[in-house]
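A.B. asks: here you go, sequence then predicted model.
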Amino acid sequence: MGIFRNIANRNPVKTFYLTVSGSVASARGGVPNRVIRRVWPPLLMVFFLVNIACTTLSDSGFAPSGENDEALPADFVSESFIRHHLEVLAHDTLEGRGTGQPGSQKSADYIHDFYSSFDKSMDFELIRQPFTLEGRFWDSVTYTVYYTEEEDTVLVSVSELEKDSEASFYPVLGGSGLLDAPVVFAGFDPSADGFSVSGNGDHDMQNAWVMVFEGDYDETAQEAGEGGQPPPDRNELVRRISGHYGAIGVIFITDDQPEQWRQTVVSMSRQLERPMALGKPGMRFRGAARSVGNAVAVDSELAMKILGFSDREQLDSLHSAWKKPEENPDPMVTGFRLRNDPVINARTFTEENIITVIPGRDEELKEEIIVISAHYDHMGLGEPDHRNDIVYNGADDNASGSAVLMQIAEAFRKAAEYGSYPSRTLVFLHTAAEEWGLYGSRFYVQNPVHPLDDIAASVNIDMVGYVDNEYAETDDTDYIYVIGAGMMSSLLEEVLNRSNRESVELNLDEKYNSTRHPSGLYRRSDQWAFGERNIPFVFFFSGLHDYYHTPSDTADRISWSLLAKRAELITEFVWRLSNSEERPESDRRELGSPPAHSR
């Protein structure tokens with residue numbers, strides 16, 4: 001049941017968008033930033049054309065099925081609509097929507113432009129709510145390689161990595177502090193099962209940079225079932241080398257040819273945009289998630305100099321010799337040192353909550369507010385994975401919730417055209433900076449559009465697009481985790497259960513619905529900014545998975561039909577709650593000690 005039921009694949013404008021999307025996405029991880037910038041302006045124009053085309057087509061794609069041409073918001077929930085906006089928000093060109101990074105502003109503009117199309121004659125209100133944060137950011141990293149022999153020091157190489165620049169190294173993990181240590185070569189992973197360097201060399205790797213070849217990975221063979229092996233996990237490898245041998249960091253020798261290296265290092269330089277720490281101006285900063293260790297990648301040309309080789313054949317021979325050694329070899333002390341020297345400065349920046357208000361039509365109940373929220377930020381550009389992908393797209397976290405929130409607002413807008421209005425006032429709140437500590441939602445609560453006492457309930461949508469690891473092993477995946485509701489308010493529970501029975505009949509799983517659950521999920525998303533003020537809330541969530549907070553959280557993994565069902569349930573729930581004769585009360589308050597952080 002949806003607006004685009006009969007026209008989903010016949011829109012030539014949307015087909016063009018998907019063609020552009022596919023061509024850009026196919027370059028994931030290896031596309032230089034200059035290519036991203038070249039694609040972005042025309043892509044924006046395509047987005048706008050798609051919005052116009054979708055609005056026009058939707059006018060003829062729905063016929064009310066109720067009596068007297070009655071149409072309810074849930075009638076307008078469309079898988080196509082949700083998919084389109086989710087794919088835009090999770091696209092590489094929005095660069096992971098990272099707080100303090102350019103992708104965040106692009107996302108805010110996109111969401112704002114969507115709501116700008118709403119008919120102002122219907123008293124809809126659109127608000128940009130800016131707030132200021134401060135972060136510590138990499139400006140540059142200088143990599144110095146030098147050779148020491150007795151009292152003599154010979155400078156070998158100095159290169160400075162800045163955004164969109166070339167250098168002989170780029171960061172892989174950590175590296176935000178000054179690190180100066182000798183370089184010791186150890187082949188591949190010296191701590192791997194079945195192979196290790198000679199125990200005689202353990203002490204050589206302590207407090208040193210351990211240089212290793214990147215592991216071989218034949219993706220084509222693996223996909224074809226021909227025995228290709230997955231790459232070693234970089235995080236795990238660095239953790240083992242740092243922990244087992246006490247190394248200061250790991251240097252990965254890449255197999256990139258010169259032109260490929262130049263493209264890769266320029267692309268990798270864009271991760272310098274990510275904040276190292278963040279907070280309110282003048283307040284204590286919250287640091288980024290701690291890396292398991294320090295690691296950099298080195299240009300193979302410089303690696304050959306460090307290893308004393310004059311051509312590539314010698315490096316390839318060493319690669320082969322260490323890949324299948326006859327006995328455990330000793331690590332090679334090179335005599336070289338690497339100095340990793342980052343420049344990190346603080347700066348303030350602005351983030352924005354995007355807010356749309358649909359006023360209620362009941363003379364008394366319109367003074368009561370229901371806030372429906374979803375954060376649009378994610379991790380942005382970050383540490384590269386084994387594919388050198390630095391874009392943390394956040395399709396599930398939380399392009400899924402953002403697209404569903406847009407769908408609910410659109411459904412209420414369309415229903416209003418047929419004369420169906422909410423009794424209570426609805427506030428659609430797209431929050432920023434949730435990942436760093438609920439900054440957007442807490443700013444809203446401190447600066448509400450309406451008096452805080454008038455907020456009757458908070459409905460939060462965060463990560464609703466996947467099937468989690470637990471349900472993936474079952475035959476029945478029609479579920480949604482519900483957190484809050486009956487934990488705080490018997491009326492919220494009653495309205496939710498009735499909404500579910502009379503719509504999609506999902507399994508309303510309350511696994512996480514307790515203050516005693518070790519995950520503490522009831523306080524780890526934007527609903528908690530309201531819950532800690534004793535405002536009843538419901539948090540919809542589909543669970544954790546292996547792609548959480550990685551570059552692999554991409555739109556191709558979304559369970560589209562299930563996402564549409566979840567959106568229909570939430571839309572029906574908001575409709576019934578907005579028209580309930582009673583206001584939800586916190587009559588089952590079960591709250592633990594308040595935390596300060598998001599996930």
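C.D. replies: Nice, thanks for sending it over. Numbers count the residues shown, from 1 in each chain.
A.B. asks: alpha carbons only for contacts and neighbour counts from here, please
C.D. replies: Noted.
A.B. asks: okay, now the domains of this structure?
C.D. replies: Per the record, the chain has its domains at 12-124+359-578, 136-345, by automatic domain parsing.
A.B. asks: now the last one, how far from the chain's geometric center?
C.D. replies: This means domain 136-345. 25 Å (CA atoms, centre = their mean, to the nearest Å).
A.B. asks: now do the SS call for Val449.
C.D. replies: coil (DSSP: H, G, I helix; E, B strand; the rest coil).
A.B. asks: that one: neighbour count?
C.D. replies: Neighbours of Val449 under the rule other CA atoms under 10 Å: 13.
A.B. asks: same check, this time on Gly174
C.D. replies: 17.
A.B. asks: give the contact list for the closest residue to it other than its chain neighbours.
C.D. replies: Distance criterion CA to CA, 6 or more residues apart in numbering; nearest residue to Gly174, sequence neighbours excluded, is Asn294 at 4.5 Å. By CA atoms under 8 Å, 6 or more residues apart in numbering, the contact list for Asn294 reads 172-175, 238, 248-250.
A.B. asks: so which two of the residues you listed are the farthest from each other?
C.D. replies: Spatial extent of the contacts of Asn294 (CA to CA) is set by the pair Val172 and Ile248 at 13.8 Å.
A.B. asks: looking at those two, which has the bigger crowd around it?
C.D. replies: Val172 (26 against 23).
A.B. asks: OK, contacts around the more buried one?
C.D. replies: Applying CA under 8 Å, 6+ apart, the residues near Val172 are 294-297, 383-384.
A.B. asks: out of those, which comes closest to Asp453?
C.D. replies: Closest to Asp453, out of all of these and judged by CA to CA, is Glu383, at 42.6 Å.
A.B. asks: next, count neighbours for that closest one.
C.D. replies: Using other CA under 10 Å, Glu383 has 21 other residues around it.
A.B. asks: and what of Glu417?
C.D. replies: With other CA under 10 Å as criterion, Glu417 counts 12.
A.B. asks: one step back: what is the nearest of the contacts of Asn294 to Val391?
C.D. replies: Ranked by distance to Val391 (CA to CA), the contacts of Asn294 are led by Val172 at 13.4 Å.
A.B. asks: so where is the stretch 101-250 of the chain shaky, pLDDT-wise?
C.D. replies: The stretch 101-250 of the chain contains residues with pLDDT under 70 at 189-202, 215-232.
A.B. asks: just the ones of the contacts of Val172 in strands?
C.D. replies: Among the contacts of Val172, the residues falling in strands (DSSP state E) are 295-297.
A.B. asks: make TSV from those residues and add pLDDT, distance to Arg442 and neighbour count to it.
C.D. replies: Output for those, formatted as TSV (pLDDT from 0 to 100; distance: CA to CA, whole Å; neighbours: other CA atoms under 10 Å):
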residue	pLDDT	distance to Arg442	neighbour count
Ala295	96	36	25
Val296	97	37	19
Ala297	96	39	22
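A.B. asks: coming back round to it: among the domains of the chain, which is the most enclosed?
C.D. replies: Stretch with highest mean neighbour count among the domains of the chain: domain 12-124+359-578 (a mean of 20; mean count of other CA atoms under 10 Å).
A.B. asks: please state the offset of that one from the chain centre?
C.D. replies: On the basis of CA atoms, centre = their mean, domain 12-124+359-578 sits 14 Å off its chain's mean C-alpha point.
A.B. asks: check stretch 350-367 too.
C.D. replies: 27 Å.
A.B. asks: where do the strands sit along the stretch 151-300 of the chain?
C.D. replies: 152-161, 169-173, 179-185, 209-213, 249-253, 275-279, 286-287, 295-298 (DSSP state E, counting those that start in this stretch).
A.B. asks: what's the closest of those to Thr93?
C.D. replies: Thr93 sits nearest to strand 275-279 of all the strands of the stretch 151-300 of the chain, at 19.0 Å, using CA to CA.
A.B. asks: contacts only, for the residue sitting nearest the centre point of the chain.
C.D. replies: In the chain, the residue lying closest to the centroid (CA atoms, centre = their mean) is Gly394, at 3.0 Å. By CA under 8 Å, 6+ apart, the contact set of Gly394 is 90, 96, 378-379, 549-551, 553-554.
A.B. asks: next, format those as TSV and append pLDDT, distance to Ser400 and secondary structure.
C.D. replies: Below are the contacts of Gly394 laid out as TSV (pLDDT from 0 to 100; distance: CA to CA, whole Å; DSSP: H, G, I helix; E, B strand; the rest coil):
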residue	pLDDT	distance to Ser400	secondary structure
Ala90	98	9	coil
Gly96	97	13	helix
His378	98	12	strand
Met379	96	15	coil
His549	95	14	coil
Thr550	94	16	coil
Pro551	96	15	coil
Asp553	97	11	coil
Thr554	98	10	coil
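A.B. asks: what's near enough to touch Gly465?
C.D. replies: With CA under 8 Å, 6+ apart, Gly465 has these contacts: 395-396, 400-401, 542, 558-560, 562-563.
A.B. asks: residues in contact with stretch 302-318?
C.D. replies: Stretch 302-318 has contacts (CA under 8 Å, 6+ apart) with 168, 253, 334, 336.
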